[in-house]
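**Q** Provide a 3D model corresponding to the input given below.
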Amino acid sequence: MKILIIGTGYVGATTAMVFVEVGWQVTGLDIDAGKIERLRQGRLHFHEPGLEDLIAKHVQSGRLQFTTDKETAIEEHDVIFLCVGTPSLPDGSADLRYIQQAAEDIGRSMKGYKLVVTKSTVPVGTQEQIKEWINAAQQETHPFDVASNPEFLREGKAVEDALRPDRIVIGTDSQWATEQLQSLYRSFVCPWIITKPRTAELIKYASNSFLATKISYMNELARLCDELEVNVKEIAEGMGLDSRIGSSFLQAGLGYGGSCFPKDVSELVTTSRKHNVNLRILEGVIEVNLTQYAYLLDKARSRLGGFADKNITILGLAFKPDTDDIRYAPAIRIIDQLLLEQAIVQLFDPFAALPVRTSHRAVKVCSSAEEALRGAEAIILCTEWPEFGQLDWEKAKEFVGQPNFFDGRNMMDATLMRGIGYYYQGIGSDH
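**A** Below you'll find the model as predicted:
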């Protein structure tokens with residue numbers, strides 16, 4: 001089978017790499033000619049450790065190709081994965097315009113049977129809508145199946161997660177489609193869940209929302225820890241040793257961000273309201289996450305007596321290390337608030353860049369952490385890049401303006417930083 005991947009972003013590029021890595025012939029399709037040209041040269045348009053090397057290897061071998069020719073690509077491939085974006089609309093629901101466009105393109109261009117597989121994260125019931133869109137766009141009647149096969153990739157760990165998945169979920173109402181997908185994934189050794197499309201779609205949302213819940217729970221608990229003078233990192237360690245809880249996603253900090261958790265939690269809450277069900281826990285998860293960045297800013301504001309005309313250094317823009325993704329990143333909210341309060345911002349991130357809209361005369365983008373630290377009256381660490389932990393903080397104290405350190409990721413050793421001479425505050429962890 002030859003596989004077509006529609007959409008060559010984070011999910012699409014990773015999915016293409018996975019299938020070609022296990023021996024299939026794969027073509028990536030995108031309407032963005034710039035992306036396609038870069039991919040043809042074996043270069044990614046985003047940062048993901050290890051992925052670019054594998055893409056380049058398979059492009060060179062000829063088993064991985066990229067195109068902008070929708071009609072030809074759809075006609076020549078029998079298995080088509082939908083990996084396009086589903087961003088949030090203002091009301092919190094998922095924007096399915098790209099899914100609909102891809103489905104209609106398939107309907108118009110298909111000349112025979114197609115197995116259409118939704119890899120994008122989509123609301124419950126989307127598989128049925130895709131069927132309708134394909135049917136409506138067909139000029140001649142051709143058979144097809146639509147299956148749901150959600151991805152469970154962590155940004156920064158996508159290669160590992162894709163090649164060694166925790167589970168493979170397939171939602172379909174067709175035995176033939178199930179057998180075809182089992183054949184595609186036959187090289188993988190992991191648990192399988194074969195279920196209905198709606199169930200598969202909800203598994204994805206339920207998984208991400210539960211992980212987001214763990215994060216917000218620990219962030220809220222960290223606020224209590226500050227009042228009780230208890231270290232939240234020790235609480236997390238004690239909780240994580242319980243096999244029923246596990247240690248993942250128990251790290252208190254500035255909150256979650258990225259392309260998945262914010263939009264997926266919002267969509268699940270929106271879906272529940274449409275069906276007259278209130279997911280009150282998830283509503284609380286969203287509220288905690290939206291206010292967590294302000295909790296640390298309050299500490300910094302109190303220490304400085306306000307931000308007006310103060311030099312504030314931001315270390316890290318990405319919502320987490322090993323990615324350049326700044327979507328819903330707490331650092332962006334912090335920068336926006338600092339600018340509202342007339343602060344002067346110096347920032348550094350080894351990979352992530354500010355969007356054009358954030359260009360501001362009071363923002364200086366620096367080429368190194370050392371440059372960003374010069375003259376700082378407060379340092380706010382927003383992303384736990386390893387290089388920040390490896391800095392010579394004792395030497396840095398010589399050229400910062402005032403050694404005030406606010407650790408939004410509880411990355412540093414509070415005792416060590418205070419021993420050097422910094423005023424140090426984390427989130428529920430500096431006791």
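**Q** quick one, what contacts residue 187?
**A** 22, 23 (C-beta atoms under 8 Å, 6 or more residues apart in numbering). Where you see a C-beta, it was placed from the backbone N, CA and C, and this is true even at glycine.
**Q** ok, now with 7 Å
**A** residue 22 (C-beta atoms under 7 Å, 6 or more residues apart in numbering).
**Q** Let me know the secondary structure of it.
**A** coil (DSSP: H, G, I helix; E, B strand; the rest coil).
**Q** Tell me, how many residues neighbour residue 348?
**A** Neighbours of residue 348 under the rule other C-beta atoms under 10 Å: 23.
**Q** average pLDDT across stretch 388-408?
**A** Averaged across stretch 388-408, the pLDDT comes to 97.
**Q** so residue 160 is in which element?
**A** Residue 160 belongs to helix 158-163 when assigned by DSSP states H and E.
**Q** Could you list the low-confidence segments of this structure?
**A** 356-359, 431 (pLDDT under 70).
**Q** Need the outlier residue of it, farthest from its centre.
**A** residue 140 (39.2 Å; C-alpha atoms, centre = their mean).
**Q** Which helix or strand contains that one?
**A** Using DSSP H and E, residue 140 maps to neither a helix nor a strand.
**Q** Look up phi and psi at it.
**A** Backbone torsions for residue 140, taken as degrees, to the nearest 10, come to phi -130, psi 150.
**Q** now residue 379
**A** Per degrees, to the nearest 10, the backbone of residue 379 is at phi -120, psi 130.
**Q** now swap in the one 3 residues further on and tell me
**A** Geometry field for residue 382 lists phi and psi as phi -110, psi -20, criterion degrees, to the nearest 10.
**Q** Need the nearest residue in space to it, chain neighbours excluded.
**A** residue 331 (3.8 Å; C-beta to C-beta, 6 or more residues apart in numbering).
**Q** Identify the residues contacting the one you found.
**A** Applying C-beta under 7 Å, 6+ apart to residue 331 gives the contacts 314, 316, 317, 382, 383.
**Q** Now do the contacts for the last one.
**A** Taking C-beta under 7 Å, 6+ apart, we find residue 383 in contact with 316, 317, 318, 320, 321, 331, 349, 409.
**Q** Excluding sequence neighbours, find me the nearest residue to the fourth one.
**A** Counting by C-beta to C-beta, 6+ apart, residue 320 lies nearest to residue 156, which is 6.2 Å off, once chain neighbours are set aside.
**Q** same check, this time on the third one
**A** For residue 318, ignoring the flanking residues on the chain, the nearest one in space by C-beta to C-beta, 6+ apart is residue 352 at 4.0 Å.
**Q** residues touching residue 147, list them.
**A** Contacts of residue 147 by C-beta under 7 Å, 6+ apart are 115, 117, 170, 171, 172, 177, 181, 197.
**Q** Which stretches in the stretch 51-200 of the chain count as helices?
**A** If DSSP state H, counting those that start in this stretch is used as the criterion, the helices of the stretch 51-200 of the chain fall at 51-61, 70-76, 97-109, 126-137, 158-163, 175-184, 197-228.
**Q** Format these as TSV; extra columns: mean neighbour count.
**A** Below are these laid out as TSV (neighbours: other C-beta atoms under 10 Å):
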stretch	mean neighbour count
helix 51-61	17
helix 70-76	17
helix 97-109	20
helix 126-137	18
helix 158-163	18
helix 175-184	16
helix 197-228	19
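**Q** Take those and write them to JSON lines, including distance to residue 190.
**A** Formatted as JSON lines, the helices of the stretch 51-200 of the chain follow (distance: least, C-beta to C-beta, whole Å):
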{"stretch": "helix 51-61", "distance to residue 190": "20"}
{"stretch": "helix 70-76", "distance to residue 190": "30"}
{"stretch": "helix 97-109", "distance to residue 190": "27"}
{"stretch": "helix 126-137", "distance to residue 190": "23"}
{"stretch": "helix 158-163", "distance to residue 190": "11"}
{"stretch": "helix 175-184", "distance to residue 190": "13"}
{"stretch": "helix 197-228", "distance to residue 190": "14"}
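**Q** For the stretch 301-431 of the chain, just list every one of the strands.
**A** Counting by DSSP state E, counting those that start in this stretch, one finds strands in the stretch 301-431 of the chain at the ranges 311-315, 344-348, 363-365, 378-381, 404-407, 423-425.
**Q** Let's have the ones you listed in JSON lines, adding distance to residue 110.
**A** As requested, the strands of the stretch 301-431 of the chain are exported to JSON lines (distance: least, C-beta to C-beta, whole Å):
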{"stretch": "strand 311-315", "distance to residue 110": "49"}
{"stretch": "strand 344-348", "distance to residue 110": "48"}
{"stretch": "strand 363-365", "distance to residue 110": "47"}
{"stretch": "strand 378-381", "distance to residue 110": "51"}
{"stretch": "strand 404-407", "distance to residue 110": "54"}
{"stretch": "strand 423-425", "distance to residue 110": "59"}
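**Q** Residue 201 is in contact with residue 128, isn't it?
**A** No: applying C-beta atoms under 7 Å, one finds residue 201 not in contact with residue 128, separated by 10.1 Å.
**Q** Quick check: residue 18 touching residue 164?
**A** No: assessed by C-beta under 7 Å, residue 18 is found out of contact with residue 164, at 10.5 Å.
**Q** tally of neighbours for the residue lying closest to residue 313 once chain neighbours are set aside?
**A** Leaving aside its sequence neighbours, residue 313 sits nearest to residue 376 (C-beta to C-beta, 6+ apart; 3.9 Å). Around residue 376 there are 24 other residues, counting by other C-beta under 10 Å.
**Q** Show me the beta-bridge partners of residue 365.
**A** residue 347 (DSSP bridges).
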